[in-house]
Every structure is written in C-alpha cells, then in structure tokens.
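Peer 1: The following block contains a protein sequence and its predicted model.
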Amino acid sequence: MDNTGEKNVVIFQVNGRDEDLLQGFAPARAEDAVRQAWRQVQEERPVPAAEITRVHCFWQPSRVDRIFLAGTFRNAEFTHGFDRPEGDDWSAAIAAAGEATAQLETAELAQRMAKTEAEGEWLPTLHTYDGPLKIYASFPVAGDRLHMGFAKVATSDTGRITLSHLLRNRFEEMTADEFEELAGEMSGNFVRDLAFAGHQDADKGILMTARRGQDNLCAASVITLDDFHEKATEQIGENELIVGLISPDHIVFAGASSGWAREIEDWVRTSPDTSGDLIPTVLRTGGPGAWEIVAERPSGRLPAGG
C-alpha cells in the first residue's frame, strides 16, 4: 500500500478468496480512481466484475466512483481506509494518512520481528561492506569486503522471510560462554538440513552446489564452515576452488581449472538477486579460510522490485 497517501490504492477481491487479490491505483485526487484502477486490473487479468466480492480503497471513493461501483460490482462489499477530504485542499489529509500508514507498517514490522525472535533459528549470514559493519556483529571472511554475520531467520506461512540480526552492541555485551552457546546453536541449525549435490559434465568437470532443506535459506553461508574446503575438495578432486555466491541462498562451486569457471562468473555478474546485504560475488580459495574475491556483480546491490 502507498504509504504517502498520494495514491489511491484499490484492491479487488475475487470470489471471496483472501489469497486472490488484484490491485490497481490512481492519483488520490482523481474522481475516477476506482475506474482507473479497474481498467489497470482488466489489462492484466480480465476477471468478470460479477466475480469481485469486495473492493477496498485507500481513499473513500468520490461520488462519481460510488456510482461506478454500484453499477459495476453488484455482488461486492465496499470499504475504504481514509475519508475523502471536503474541498480541494488535500495536504492535511494526505499528511495524516501517510503518518497513520507509516505507523501501521512500523507496528507490523515490529510484530514480524518479535515473531522472528520467538520462532526463528540462528543462522550464519553473509554481508558485503567496505570495512567493518557499523551495526551488525560480524567477522571478516574475505578481507574487509565480505563478512559473516548472525541472524535469527523465520519464514512466514506466506513464504515471507524475516531476519533479526545480532547487533554489534548486543554482541559486545555477551560473555564468551554466551557467544559460544549461540555459535554452537547456529552451527547445529545450519548443518542439520545441509547437503551437497553435484552435476558431472564430460567436458567441464563437476559442478557442485549446497542445499538446505526446501527453501535453501542462507545456503551460501556454507563457506563459513571450518570444514567447507575439505568437504568441497573431496567432492571435486581439486584443491583450488572457484565459488559463486549468486545470492544468499544460492551457491555453486567447482575446480578453478575446470570448464565451469567462466560460467560461474557469468552467473554471478548477471544475478537478479535483490536481497541487499550480499552483492553476488565470485571467490577463489586454495585452503581453509584463504578467500580471494575475484569479481562482483557490476551493478552492486539491486533494490527490491528494481
């Protein structure tokens, strides 16, 4: 939902199903905002008006739109979030709506984070940063560029992933025993569903990946395990490895002299990942903890939805 109030976001529910919602929008002040939104929805998916069971508008529909709603959606319930202001001055109404929406989003975020703290599991995370991270507790993996952090990770019923990071100030307050306990719990959580899989090509050699359960959460963090190099070289048969961190949940690796090296670099350079903390990266290693950054995605971080 638009949290500035400048747009009238209109949601159409299909056949009473909470999971089947269509969304369109128009300028807040538009007298025909609902009609505009419906036109957008129809271009994407031509649902019959008779199947719409609810229409919810961010802003109260105008008189013009109320006539349109009554004549078009005869089986629907109509609701709105904010009353339409009288007259032409929308500034105060937009400001109030924007503030109320922002507060609601903040409350929802706090609720998600609290649930993550209660139900999530500690997992290692990877971050790209120029120098030590200012907020997150972290340890360097490759120079001052690639870091390992710690986060409680949870997946909602709708598949949304929420991370609650261990912050530097909290880490600095922990005793050695407390951190050892956290690290042990995190390691146990991570390796519990960890598995390696390989693909053998007659010309290029073997290409490996690491997987974690069904959703692969934080699978790329496998490089932080003390025995990663040992296990990887056992599978590949070569001491020098090339590793592609395509996203926090997607990693591939192969022998540095194999025919996969160039393809791994291409996959990293063109990665569509928008998660933010980790820039897709190509690494090279010849032994435990000896990581060299070979390349990063040229576009750096991509914004979500961008």
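Peer 2: On my side now, so go ahead.

Peer 1: In the protein, where is pLDDT below threshold?
Peer 2: Applying pLDDT under 70 to the chain flags residues 1-4, 18, 100-119, 130-134, 156-160, 276, 301-306.

Peer 1: tell me the domain boundaries of it?
Peer 2: Split into domains by automatic domain parsing, the chain comes to 7-109, 119-190, 195-296.

Peer 1: Pull up the distance across the last one, start to finish.
Peer 2: Between the opening and closing residues of domain 195-296 there is a gap of 26 Å (Cα to Cα, to the nearest Å).

Peer 1: ok, the helix or strand that residue 22 is a member of: who's next to it in the sheet?
Peer 2: Residue 22 is part of strand 21-27 when elements are defined by DSSP states H and E. Neighbouring strands of strand 21-27 in its sheet, by DSSP bridges, are strand 7-14 (antiparallel).

Peer 1: Can you name the residues in contact with the partner strand?
Peer 2: 1-2, 20-28, 30, 33-34, 37-38, 41, 47, 51-59, 76 (Cβ atoms under 8 Å, 6 or more residues apart in numbering). Where you see a C-beta, it was placed from the backbone N, CA and C, and this is true even at glycine.

Peer 1: Centroid-nearest residue for this structure?
Peer 2: residue 275 (4.7 Å; Cα atoms, centre = their mean).

Peer 1: My guess is that one contacts residue 245. True?
Peer 2: No: if you go by Cβ atoms under 8 Å, residue 275 and residue 245 don't touch, sitting 11.3 Å apart.

Peer 1: what about the residue nearest to residue 14 when sequence neighbours are not counted, how many residues close to it?
Peer 2: Counting by Cβ to Cβ, 6 or more residues apart in numbering, residue 20 is the residue found nearest to residue 14 once chain neighbours are left out, at 4.2 Å. A count of nearby residues for residue 20, using other Cβ atoms under 10 Å, gives 13.

Peer 1: Please, where are all the helices along the stretch 151-300 of the chain?
Peer 2: 168-173, 176-192, 228-236, 261-269 (DSSP state H, counting those that start in this stretch).

Peer 1: Reformat these as JSON lines; add mean neighbour count and distance to residue 152.
Peer 2: Converted to JSON lines, the helices of the stretch 151-300 of the chain look like this (neighbours: other Cβ atoms under 10 Å; distance: least, Cβ to Cβ, whole Å):
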{"stretch": "helix 168-173", "mean neighbour count": "12", "distance to residue 152": "12"}
{"stretch": "helix 176-192", "mean neighbour count": "13", "distance to residue 152": "9"}
{"stretch": "helix 228-236", "mean neighbour count": "17", "distance to residue 152": "23"}
{"stretch": "helix 261-269", "mean neighbour count": "17", "distance to residue 152": "28"}
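
Peer 1: Touching, residue 248 and residue 222? I think so.
Peer 2: No: assessed by Cβ under 8 Å, residue 248 is found out of contact with residue 222, at 11.1 Å.

Peer 1: between these two, which one's more packed in?
Peer 2: residue 248 (25 against 22).

Peer 1: ok now stretch 220-237, how far from the chain's centre?
Peer 2: How far stretch 220-237 lies from its chain's middle: 26 Å, per Cα atoms, centre = their mean, to the nearest Å.

Peer 1: going forward, begin numbering at 59 instead of 1
Peer 2: OK, 59 is where the count begins now, so the last one is stretch 278-295.

Peer 1: could you dump that stretch to CSV, C-alpha only?
Peer 2: Written as CSV, here are the backbone C-alpha positions of stretch 278-295 (Å, rounded to 0.1, in the frame of the first residue of the first chain):
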residue,chain,number,x,y,z
ALA,A,278,25.7,-19.6,0.6
SER,A,279,26.9,-19.3,4.2
VAL,A,280,28.3,-22.8,3.8
ILE,A,281,31.7,-21.2,3.0
THR,A,282,31.9,-20.1,6.7
LEU,A,283,32.1,-23.7,7.9
ASP,A,284,35.6,-24.7,9.1
ASP,A,285,35.5,-27.9,7.0
PHE,A,286,34.0,-26.5,3.8
HIS,A,287,37.2,-26.6,1.8
GLU,A,288,37.9,-30.1,2.9
LYS,A,289,34.5,-31.4,2.0
ALA,A,290,34.4,-29.5,-1.3
THR,A,291,37.8,-30.7,-2.5
GLU,A,292,36.7,-34.3,-1.6
GLN,A,293,33.8,-34.0,-4.0
ILE,A,294,35.6,-32.1,-6.7
GLY,A,295,39.1,-33.6,-6.6
